[in-house]
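K.L.:
here are the coordinates; sequence isn't available:
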């Protein structure tokens with residue numbers, strides 16, 4: 001399978017909590033490298049450790065859909081403020097990917113040669129959404145949120161939050177980018193970004209996608225491209241199916 005065409009992102013999804021048998025988790029762990037295993041061991045709770053194992057196995061098996069490379073053979077390096085990229089094999093170094101996971105959902109987005117960011121969030125985790133918006137969102141976003149009927153506010157908060165996370169992950173700069181320095185406009189059509197200050201970027205360079213892969217989750221994708229088509233599919237994290 002070739003890398004995704006320009007302007008396309010494939011999102012591979014799984015539910016980590018469904019893969020809690022020790023034999024399955026051991027198979028996932030065998031795919032990881034020593035750095036990933038060390039990170040996994042730092043988690044205090046089994047549920048977080050297991051989610052890490054499954055989601056990082058998903059990254060490796062997802063990438064192996066695009067190259068004749070066994071999942072355990074992928075090597076990664078960190079760029080910017082910790083964004084992972086493919087280091088080996090060299091012939092697949094143009095692949096770009098991004099991982100996000102939350103309660104009962106992991107998502108790995110794969111693109112070809114374009115910066116990509118993916119974020120997933122669980123609606124059940126949202127509390128104090130107005131206070132969070134006042135603290136982190138742009139003034140326009142916070143005002144728009146406050147003006148909505150109460151029953152619509154959590155959904156719109158999740159829209160903004162996942163889009164913002166997808167963008168800063170695609171940029172590879174994390175929270176070094178101020179979340180109130182850019183605004184998402186959610187009117188007819190695809191979401192679009194507008195900058196409240198100079199962040200060394202151009203709004204027209206980016207495309208965004210917003211979806212609900214389950215009734216309890218929101219997914220956002222950011223891609224530095226002229227167009228964007230997103231495909232998504234639930235798969236086995238070990239690449240079986």
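P.N.:
Ah, there it is. In this text the structure is predicted, and so the values were computed from the model without any measurement. Numbers count the residues shown, from 1 in each chain.

K.L.:
got the contact list for the spatially most central residue of the chain?
P.N.:
Using CA atoms, centre = their mean, the residue of the chain that lies closest to the mean C-alpha position is residue 118, 2.3 Å off. Counting by CB atoms under 8 Å, 6 or more residues apart in numbering, residue 118 makes contact with 9, 11, 98-100, 107-109, 166, 169, 219-222. Every C-beta, even on glycine, is put in place using the N, C-alpha and C of the backbone.

K.L.:
before we move on, what about residue 228?
P.N.:
Contacts of residue 228 by CB under 8 Å, 6+ apart are 7, 8, 9, 190, 207, 208, 209, 221.

K.L.:
and residue 41, how many neighbours?
P.N.:
9 (other CB atoms under 10 Å).

K.L.:
er, residue 213 I mean
P.N.:
16.

K.L.:
then residue 68?
P.N.:
Residue 68: 10 neighbours (other CB under 10 Å).

K.L.:
this protein: helices as residue ranges?
P.N.:
Remark: helices assigned in the chain by DSSP state H are 22-31, 34-41, 46-63, 129-136, 139-146, 150-171.

K.L.:
got TSV for those, with mean pLDDT and distance to residue 75 too?
P.N.:
Listed next are the helices of the chain as TSV, based on pLDDT from 0 to 100; distance: least, CB to CB, whole Å:
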stretch	mean pLDDT	distance to residue 75
helix 22-31	97	12
helix 34-41	95	10
helix 46-63	97	10
helix 129-136	93	35
helix 139-146	96	39
helix 150-171	95	21
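
K.L.:
mind checking the ones you listed for the one nearest to residue 233?
P.N.:
helix 46-63 (10.1 Å; CB to CB).

K.L.:
who does that closest one touch, helix- and strand-wise?
P.N.:
For helix 46-63, the packing partners by 3 or more CB pairs under 8 Å, 6 or more residues apart in numbering; DSSP states H and E come out as strand 8-14, helix 22-31, helix 34-41, strand 95-102, strand 105-112.

K.L.:
check which residues of the third one are buried.
P.N.:
Applying a neighbour-count criterion of 16 or more other CB atoms under 10 Å, one finds 36, 40 buried in helix 34-41.

K.L.:
from residue 15, how far out is residue 153?
P.N.:
For residue 153, the distance to residue 15 equals 27 Å [CB to CB, to the nearest Å].

K.L.:
picking up where we left off before, of all the helices and strands packed on helix 46-63, which lies closest to residue 159?
P.N.:
strand 95-102 (15.2 Å).
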